[in-house]
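Below are the sequence and a predicted model for it; my questions follow.
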Amino acid sequence: MSSAADQQDTAKTAPCIKILTLFPDMVRTVLETSIPGRAERQGQVRYEVVDIREFSVDKHRTVDDTAYGGGAGMIMMAKPVVEAVESVRQNNDATVILTTPQGETFDEALTLELLEDLQLKGEIILICGHYKGIDERAIELVVNREVSIGDYVLSGGELPALVVADALVRRIEGVLHNEDSANNDSFTTVRGGGLDCQWYTKPPEFRGLTVPDVLLSGHHGKIAQWRDEQAKERTEVRRPDLRQTEETDDKSRKR
Ligand SMILES: C[S@@+](CC[C@H](N)C(=O)[O-])C[C@H]1O[C@@H](n2cnc3c(N)ncnc32)[C@H](O)[C@@H]1O
């Protein structure tokens, strides 16, 4: 059991996820909740939420302006975004991610890559865009990765940044307890990159629907085999694109 002093030291050295946003309260509320909140309280991760308006160009806290060349929609100015990044970046090699529908798609592989990056460099910076997006020069100056959470357009980058933060935090070793373990969730190597199986809890019968007998048998080997088969069948039916050959399955298990 670690002492209070040990826990404080761990908290100071825990990797830090830094989110730059125009809506700090929205971001903080989510980060304080559920597993991301618990991880911070346990000292396994730290968060820094930066209000981009703190770096605005005037007393009205302006951070956006009209587009050169005309057109509908405002653009976030380069100065506040660049200065906000510079104010929080401690490691010059830190990965600075712009959330944008034009970025690489966020998935399991990218989650693990960014998690390794966060642990290696001690920080990761996420910029939430708004309006039509941010001045391209800010991207050239401080962004080294662009990430999309899917082919649709949201009003702002807060939800995408929180999606990335949540996905990373739950994969930090020790964050998840047994009851919410990520080991055999969809896309993990245990599932061969495929989908998870279906799950049931008490009671054994609900509105005439019963739990499969095997799950009540107490036979751990048979239960594991059934879950594995169900997961494979689901993957085949719902996401055949995730199907892996035995060979690639073996390789990914060894990783
Ligand atoms: C209205 S969007 C801008 C869309 C941009 N003009 C385009 O069409 O590519 C405003 C902000 O929301 C965020 N955003 C919207 N959809 C996103 C997605 N699918 N993935 C990641 N970020 C997204 C980005 O930060 C973006 O700067």
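Perfect, thanks for sending it.

Skipping adjacent residues, who's closest to the residue of the stretch 1-150 of the chain found nearest the ligand in space?
Here the stretch 1-150 of the chain gets closest to the ligand at one residue, Gly129, 2.2 Å apart by CB to the nearest ligand atom. Quick note: C-beta positions are derived from backbone N, CA and C, even for glycine. Closest residue to Gly129 apart from its sequence neighbours, by CB to CB, 6 or more residues apart in numbering: Gly157 at 4.5 Å.

buried stuff in stretch 104-122?
The neighbour-count criterion (16 or more other CB atoms under 10 Å) identifies 106, 108, 110-112, 114-115, 117-118, 121 as the buried residues of stretch 104-122.

which ones among the residues you listed are found in helices?
Counting by DSSP state H, the buried residues of stretch 104-122 place 108, 110-112, 114-115, 117-118, 121 in helices.

can I get those residues in CSV with distance to the ligand and pLDDT?
Formatted as CSV, these follow (distance: CB to the nearest ligand atom, whole Å; pLDDT from 0 to 100):
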residue, distance to the ligand, pLDDT
Glu108, 17, 96
Leu110, 12, 98
Thr111, 15, 98
Leu112, 19, 97
Leu114, 14, 98
Leu115, 18, 98
Asp117, 18, 98
Leu118, 18, 98
Lys121, 22, 98
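
can you list those residues in a markdown table and add distance to Pro240?
Formatted as a markdown table, these follow (distance: CB to CB, whole Å):
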| residue | distance to Pro240 |
| --- | --- |
| Glu108 | 17 |
| Leu110 | 22 |
| Thr111 | 22 |
| Leu112 | 23 |
| Leu114 | 27 |
| Leu115 | 28 |
| Asp117 | 31 |
| Leu118 | 32 |
| Lys121 | 37 |
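
okay, among these, which ones form the most distant pair?
Maximum pairwise distance among those (CB to CB): 20.7 Å, between Glu108 and Lys121.

before we move on, the earlier item: tell me which helix or strand the residue of the stretch 1-150 of the chain closest to the ligand sits in.
Assessed by DSSP states H and E, Gly129 sits outside every helix and strand.

Below-threshold pLDDT in this structure: ranges please.
Judged by pLDDT under 70, the chain has its weakly predicted residues at 1-11, 179-180, 244-255.

per-domain residue ranges of it.
The chain breaks down by automatic domain parsing into domains covering 4-169, 183-254.

picking up where we left off before, possible to save the buried residues of stretch 104-122 as a markdown table with distance to Asp228?
Shown next, in a markdown table, are the buried residues of stretch 104-122 (distance: CB to CB, whole Å):
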| residue | distance to Asp228 |
| --- | --- |
| Phe106 | 27 |
| Glu108 | 19 |
| Leu110 | 26 |
| Thr111 | 23 |
| Leu112 | 22 |
| Leu114 | 29 |
| Leu115 | 26 |
| Asp117 | 32 |
| Leu118 | 31 |
| Lys121 | 37 |
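
Among the ones in helices among the buried residues of stretch 104-122, which one sits closest to Val88?
Lys121 (13.1 Å).

who in the stretch 51-200 of the chain is up against the ligand?
Residues of the stretch 51-200 of the chain lying close to the ligand (CB under 6 Å from any ligand atom) are 99-102, 128-130, 132-133, 148-150, 152-157, 160.

Now that we have those residues, which of them are buried?
99-101, 128-130, 133, 148-149, 156-157, 160.

show me where this protein has helices.
Counting by DSSP H, the helices of the chain are 4-13, 24-31, 34-41, 78-88, 108-121, 136-142, 158-169, 213-216, 220-238, 246-254.

circling back to that earlier point, so the residue nearest to Gly129 makes contact with Ile134?
No: assessed by CB atoms under 8 Å, Gly157 is found out of contact with Ile134, at 9.2 Å.

which neighbours do the two share?
Taking CB atoms under 8 Å, 6 or more residues apart in numbering as the contact criterion, the common neighbours of Gly157 and Ile134 are 98, 127.
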